[in-house]
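J.: sequence first, then the predicted structure, then my questions.
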Amino acid sequence: MGVKKLFGKLWRFFKKVAVGMFGKSALNKLIAAARAMLKTKLGKVAWAVVRELEAGNLTNSQKKGAAFKRIKQAAKDGGIEVKDSLLNLLIEMAVARLKGVVPKT
């Protein structure tokens, strides 16, 4: 089974569980919020960094650490004050988009 097919199955499973737990409306709002976050200036940086790091040979933990440092520096360079928890959320949303859990459109 290919990776794309596997993540497609995982997404369908996650969607069923999430819809059952929170309702379809809440899931759609979460997806919309993730998309909106990734359209911000810092969200675009997070998306670019996560995509770049995905192609590398680092462990997932190393990728997350590297992404955090680079995005935090980009925020600082851009004069954007952001909490660490929001940076972590941006990274997770970018990873979810990369894996197809958060559709691009």
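T.: On my side now, so go ahead. Residues are numbered from 1 along each chain as shown.

J.: quick one: low-confidence ranges for this protein?
T.: For the chain, the stretches with pLDDT under 70 are 1-12, 15, 18-19, 21-22, 27, 103, 105.

J.: the helices in it, which residues?
T.: Assignment of helices within the chain using DSSP state H yields the ranges 3-22, 24-39, 41-54, 60-77, 84-98.

J.: and these as CSV, adding distance to K104?
T.: Where you see a C-beta, it was placed from the backbone N, CA and C, and this is true even at glycine. Compiled in CSV, the helices of the chain are given as follows (distance: least, Cβ to Cβ, whole Å):
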stretch, distance to K104
helix 3-22, 13
helix 24-39, 8
helix 41-54, 10
helix 60-77, 19
helix 84-98, 7
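
J.: let's have these in JSON lines, adding mean neighbour count.
T.: As requested, the helices of the chain are exported to JSON lines (neighbours: other Cβ atoms under 10 Å):
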{"stretch": "helix 3-22", "mean neighbour count": "12"}
{"stretch": "helix 24-39", "mean neighbour count": "14"}
{"stretch": "helix 41-54", "mean neighbour count": "18"}
{"stretch": "helix 60-77", "mean neighbour count": "15"}
{"stretch": "helix 84-98", "mean neighbour count": "18"}
